[in-house]
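K.L.:
I would like the atomic coordinates for the input below:
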Amino acid sequence: MLSETFSILKRPIWFKTCVFLFLLIISFFNYDLFFQVKAEYLATDLLIFLLICSLVIFITYVRTHAHLSEPWQQVFKNKIAMSCSVVLVFFVIVGLLDSVHFYKADTKNPERYSVEMQSLLDSSLEYISNRTEKTYSAPFATHSYAKESYTNENGVKGRAYPRLKYGGAHLDDPDKHYWSDIASKSFIGFGYGLFVIALAMLLVFILKRYFSIAALELPWRVCLYSLSLILLVSTWLLYMSQYYHVMGTDKVGQDILFLTLKSVRTGLVIGTLTTLIMLPFAIALGVLAGFYKGIVDDVIQYIYTTLNSIPGILLIVAVLLAIDVYIENHAELFESAIERADLKLLALCAVLGLTSWTGLCRLLRGEVFKLRELEYVQAARALGVSNFKIIVSHIIPNIMHIVLIVVVLDFSGLVLAEAVLAYIGVGVDPLIVSWGNMINSARFELAREPIVWWSLLSAFSFMFALVLAANLFSDAVRDAFDPRTQGGQ
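P.N.:
Numbering: from 1, shown residues only. A predicted model of the protein is given here:
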């Protein structure tokens, strides 16, 4: 076994992968040595890092096996799939930036650190997050959305919409210069966006010219169109956010654009970590039930039938309440409130994972029933190959297409599940920004007069973009890996 492992590591591609993972691990756990910060590792941060390392190993494994790489090549030749993958990469980058947490060093005393935990995303968007108003303000507004009482110089009392502290504060007379300022600032913002697009095009040209990525038969034009659109809109939004609240502010004056971007990490954590927790149960129990049959199959069927009989909402509520009691009784174990909220988020992922593996387990059980009767499995048994070797070498590789299809299809469902759970009050902790919490608070804002609509629209737009991209990408994966479809033949 050791000799086989060393022979694999001697291959150039696996050697490069090991070097990359080593550098990645060193960088992640020692970046505070190069910057004046105190690193903080939340439980979900560590699991996300583990997921990244697993993904790197999986990509290397796929590249070394033709029967796996060929379907993926078909996926990435699909124009819609490649366009959606660019969108998904954008969301992943935002989520990863929000998964590196630290405490900044005090500028006056570098040996002391701030009491407020930040992420790379927080630090990058401080010019947005620190611009807090008193209360609601509409997108691109210069005045508050709610009237306030005032007394003028003559002692006359009245009510009016006060000027915002930050939004449009650079305008001396909003009534005269508002629209011209919006137009001029937008022109400059789009100009910066075109400059960033030109740099991206230059980088792609260099990669295609000197690193032979042109040999990859990918729809480059579609990728560049999608990337250009994302860069143009993102650059414009970030530039305009220096002068206005592009998506408005919420009840306590926080910028909605910043909150929406902060919610990306929560959606990705719910969608990916839940899958990571669910897969071992689904694969192990599904394979065992289908391969051994008999009493093993009966016991496993009893387990998932019993679990399906328990209302999922009640189980989630029970587990989260138990976590709340544990946190209250062991408050000394947590240095900050965000750590307690992160534990509840991890518990929610665990509960969703424990309640969502049964469907995949049933699919795998039925597929293994068929595979165990095929000729090559029977021949392996006749030759005296152990059951463990048969399962690892013949059964699991032939059910991975089902696992992959179900995983990519379930991702969007899990992202939407967080919003539904938050709406009924059993979602993530209110301290963690999420699209579900934004939608939950927006339902009360819709009852106001006038209606506060922008918080709901922002959360819905980003969630819609992520779920739509994930669904379209999963359709391409299903067509490539499912042998019953034309794309998989």
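
K.L.:
now do the contacts for Phe334.
P.N.:
Ile327, Arg340, Leu343 (CB atoms under 8 Å, 6 or more residues apart in numbering). C-beta here means a position set from N, CA and C on the backbone, and glycine is covered the same way.

K.L.:
these in helices, which ones?
P.N.:
Counting by DSSP state H, these place Ile327, Arg340, Leu343 in helices.

K.L.:
burial of Pro450, as a residue count?
P.N.:
9 (other CB atoms under 10 Å).

K.L.:
ditto for the one 4 residues further on
P.N.:
Using other CB under 10 Å, Trp454 has 24 other residues around it.

K.L.:
any idea how far it lies from Gly167?
P.N.:
13 Å (CB to CB, to the nearest Å).

K.L.:
next: Leu257.
P.N.:
12 Å.

K.L.:
any common contacting residues for those two?
P.N.:
His245.

K.L.:
pLDDT weak spots in the chain?
P.N.:
1-11, 107, 110, 151-153, 155, 208-217, 482-489 (pLDDT under 70).

K.L.:
please redo it, this time with the cut-off set to 50
P.N.:
1-6, 8-9, 486-489 (pLDDT under 50).

K.L.:
which secondary structure state does the most far-flung residue of it relative to its centre sit in?
P.N.:
Largest separation from the mean C-alpha position in the chain: Asn154, at 55.9 Å (CA atoms, centre = their mean). What DSSP: H, G, I helix; E, B strand; the rest coil gives for Asn154 is coil.

K.L.:
what helix or strand does Ile402 sit in?
P.N.:
helix 400-423 (DSSP states H and E).

K.L.:
and the longest strand belonging to the chain, what does it pack against?
P.N.:
Counting residues, the longest strand found in the chain (DSSP state E) is strand 113-119. In this structure, strand 113-119 makes packing contacts with strand 37-40, strand 101-105, judged by 3 or more CB pairs under 8 Å, 6 or more residues apart in numbering; DSSP states H and E.

K.L.:
does Leu194 really touch Trp236, like I thought?
P.N.:
No - with contact taken as CB atoms under 8 Å, Leu194 and Trp236 are classed as non-touching, separated by 10.2 Å.

K.L.:
and these two? which has more neighbours close in?
P.N.:
Trp236 (20 against 14).

K.L.:
in contact with the nearest residue to that one once chain neighbours are set aside, which residues are there?
P.N.:
Leaving aside its chain neighbours, Trp236 sits nearest to Gly189 (4.0 Å; criterion: CB to CB, 6 or more residues apart in numbering). The contact partners of Gly189, taken as CB under 8 Å, 6+ apart, are Thr235, Trp236, Leu237, Tyr239, Met240.

K.L.:
rerun at 6 Å
P.N.:
Neighbouring residues of Gly189 by CB atoms under 6 Å, 6 or more residues apart in numbering: Trp236, Tyr239, Met240.

K.L.:
ok, the residues you listed vs Asp298, which is closest?
P.N.:
Nearest to Asp298 among the contacts of Gly189: Trp236, at 60.6 Å, using CB to CB.

K.L.:
and the helix or strand in which the closest one is found, how far out from the chain middle?
P.N.:
Element membership of Trp236, judged by DSSP H and E, is helix 220-240. Chain-centre distance of helix 220-240: 19 Å, with CA atoms, centre = their mean, to the nearest Å.

K.L.:
return the set of buried residues in the helix or strand that comes right after it.
P.N.:
Downstream of helix 220-240, the next assigned helix or strand under DSSP H and E is helix 256-292. Neighbour counts over helix 256-292 (16 or more other CB atoms under 10 Å) mark 256-279, 281-291 as buried.

K.L.:
phi, psi for Leu383 please.
P.N.:
Here is the backbone geometry of Leu383 (degrees, to the nearest 10): phi -80, psi 0.

K.L.:
quick one: neighbours of it, just the number.
P.N.:
Count around Leu383 with other CB under 10 Å applied: 7.

K.L.:
and the closest residue to Asn398 other than its chain neighbours, backbone torsions?
P.N.:
Residue nearest to Asn398 in three dimensions, not counting chain neighbours: Leu371, with 5.7 Å by CB to CB, 6+ apart. For Leu371, the backbone dihedrals are phi -70, psi -40 (criterion: degrees, to the nearest 10).
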